[in-house]
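Chemist: Below are the sequence and a predicted model for it; my questions follow.
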Amino acid sequence: MITNSSPGHSLSFGQFDSDTYAVADFDHDGKREVVVSNDNQDLYVLSGSSSRVLAEIHPDYPAGWPVRTISDPVVADIDGDGHLDIVSDDSAGVVCAFRYDSGTSTTSMTFTKMWCHRMSDYMGDQTGADAGVAVGDVDGSGKLVTFSNTEDKGLYAFNSDGSVRWKSADYGGNAGPLLTDLDGDGHKEIVFWGDGGEVRVRDASTGTPKWTFYSNKYVTPASISVSGSAADLDGDGKKELVYMARDAHDATNFSNDHAALFVLGYNGALKWWVHPSWTNPTSYNHPVLADVNGDGKKEIITLDWNTIGHKPGNWEVTGSPHLFSYSWDGRLLWKDDIADPWSNDDVALADVTGDGVQDVLAIGTANGHDGVWYVNSRTGAFEQHVDTAYGALRGPVIGDFDGSGKLSWALSIHSSSAGGGFQFFKTDQPCQGLFLSFHENDNCGGSGTPPPPPPPPPPGGSFSATFTPTGANEWWIQVHVTTGNALSGVDARVNGGTWQPLTLQSWGDWAASYHAASGSTVEFRATDTGGNTAQSGCYLWTSMAATTCGGSPPPPTFAATFSNVRGNEWWEETDVSVTGSTLAGVDVAINGGAWTALDHQSYGSWAKSLHAPAGSTVQFRARSTDGQTATSTTYHWPPA
């Protein structure tokens, strides 16, 4: 544990409760340091290889300023002089840069203040900030620009000498900015996230607005608590923005409030969004975007926050947090209830178990002990729990902290009796290849392109299991597995295709949403904790009758043509003609959700008033009198 090591604090030493932390090797000795804010308003540089405070840095605050700082610092050489600098803002909206001067990871380090600037042009003495900063070279000069925003009015860009490059009176928020090249043209954009659900994208060099997306058209109030993440999810060379927005429309019954996940294109177009009925009202997690199954597409892994927040609400707890993963195109891959008492945490991603599959590191309790779970990133299976000395805060960071060549991870801990501290853990796995934080990649200080994720290890043998398919439909595959072995996962495949992971449900079955059209064959494979497998025979979908594994479905005798597709945000309509059987009904699914029956109109078409907001996907399904189905293509809504 750490106590006040220098005088002059306006607040007492507390916990390291900043949004996230920075990791750097200031003295280039192969060992990494952690830079983090404390509740006493100071920045600390902590040794990653010994229990040592290397530096305690005092940012600028107005006299008597009473508010702790929770924003995250950044480490970079902003002026190109060869010395790493710490850049951070504080709760008073003061952005400061400190240059590393001297010292080592085994003694102490000294830092010199380069400049500080308060973002007070629009809010005066009331200026405050929780957002943190982003830095980067936006004009090829070799010198980095620092971006930050206030909690209220004020978006800022600072040159490397602290002078204002550009500023704007637009509203900011609690989330920090994100610097990235969205469209792949070599010019960076800066993304600001608003408490009113605004996603503002500007040219990073000039501050010229490019586009704004308003999440509050979909949920209320749509506040974005922390910055989202950017990555090319689908491999088209353009990046998507991924973030979660708060839903607090019901101020009486918080169980009706559920955070929404949004995916925007590089140009501000809504690619898809989901508003699950099981999420907590908000999220304080930067989504991790990575290809964890080696299919060339990136998955989304994130965590919701089990509180309503405030306005409305007074930080009431709203239940169990959920750690979950979505595919690049909006399919829920897995969802875990995780025992985290207060889930305003980040997650990290690395192969810390050495099985060739990246693990999600997420704070959670087990058997009454605080700690971090290792979770299989492909299946959501809980694999190992590591106890921490005290309560864990804000999520782990990963790196080779002691120069051993092995992966380590560290996180903030806190005890009401002992105070705040940092704890470091070393794994037995080599620190190589790629691990991810929310929107930054790191390869443990190495160089070159990291290798793609390796395939899963081959099974070690076989065991006995009984598979009982249950609760199936065209978009839902579910099975109950009976075995005496402890299972690490269950997969399914359709028509002899690729194995896809199922998720263990709270009632004991394994299930996931995959498309298995009527007449398909589905089979299952269970894997135990020793790597042994058991495989089922094939089942005819959706009757679930045992059938011969043929690898492809029988040719359909029922076909449908969907034409004159039309509608608006509150109306879905199509004309349908069929061959091979008699039409019994037509259904619609919005954003891959449940099928809903349409009404047969007097003028011959099929239609219904359902809410499909702009940017949604809509699909139609025809049903025959003998139980066959035919499905349309997916339409982006509203149709052109």
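Modeler: Received the coordinates, thanks. Numbers count the residues shown, from 1 in each chain.

Chemist: only C-alpha atoms for contact and neighbour calcs from this point on.
Modeler: OK.

Chemist: Buried residues, stretch 396-412. List them.
Modeler: For stretch 396-412, the neighbour count (16 or more other Cα atoms under 10 Å) marks 396-403, 405-412 as buried.

Chemist: Tell me which two in those are the farthest apart.
Modeler: For the buried residues of stretch 396-412, the maximum inter-member distance is 22.6 Å, found between Gly405 and Ser412 (Cα to Cα).

Chemist: Nearest to Asp599, out of the buried residues of stretch 396-412: which one, please.
Modeler: Of those, the one sitting nearest to Asp599 (Cα to Cα) turns out to be Pro396, at 51.9 Å.

Chemist: quick one: contacts for that closest one?
Modeler: Asp346, Val347, Ala348, Leu361, Ala362, Ile363, Trp409, Ala410, Leu411, Ser412 (Cα atoms under 8 Å, 6 or more residues apart in numbering).

Chemist: Three-state assignment for it, please.
Modeler: strand (DSSP: H, G, I helix; E, B strand; the rest coil).

Chemist: I would like the C-alpha coordinates for the longest strand along the chain, written out in PDB, please.
Modeler: Looking across the chain with DSSP state E, the single longest strand is strand 419-430. Extracted in PDB, the C-alpha atoms of strand 419-430 (Å, rounded to 0.1, in the frame of the first residue of the first chain):
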ATOM      1  CA  GLY A 419      -6.200   2.400   1.600                       C
ATOM      2  CA  GLY A 420      -5.200   2.300  -2.100                       C
ATOM      3  CA  GLY A 421      -2.500   0.400  -3.800                       C
ATOM      4  CA  PHE A 422      -1.400  -1.500  -7.000                       C
ATOM      5  CA  GLN A 423      -0.900  -5.200  -7.400                       C
ATOM      6  CA  PHE A 424       1.200  -6.900 -10.100                       C
ATOM      7  CA  PHE A 425       0.900 -10.500 -11.300                       C
ATOM      8  CA  LYS A 426       3.200 -12.500 -13.600                       C
ATOM      9  CA  THR A 427       1.900 -15.300 -15.800                       C
ATOM     10  CA  ASP A 428       4.000 -18.200 -17.200                       C
ATOM     11  CA  GLN A 429       3.200 -17.200 -20.700                       C
ATOM     12  CA  PRO A 430       5.600 -15.400 -23.100                       C
END
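
Chemist: quick one: which of the contacts of Pro396 sit in strands?
Modeler: Checked against DSSP E, the contacts of Pro396 include these in strands: Ala348, Leu361, Ala362, Ile363, Trp409, Ala410, Leu411, Ser412.

Chemist: any chance of those in JSON lines, with pLDDT too?
Modeler: Shown next, in JSON lines, are the ones in strands among the contacts of Pro396 (pLDDT from 0 to 100):
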{"residue": "Ala348", "pLDDT": "90"}
{"residue": "Leu361", "pLDDT": "93"}
{"residue": "Ala362", "pLDDT": "93"}
{"residue": "Ile363", "pLDDT": "91"}
{"residue": "Trp409", "pLDDT": "88"}
{"residue": "Ala410", "pLDDT": "86"}
{"residue": "Leu411", "pLDDT": "87"}
{"residue": "Ser412", "pLDDT": "84"}
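
Chemist: Poorly predicted segments of the stretch 301-450 of the chain, please.
Modeler: 418, 433-450 (pLDDT under 70).
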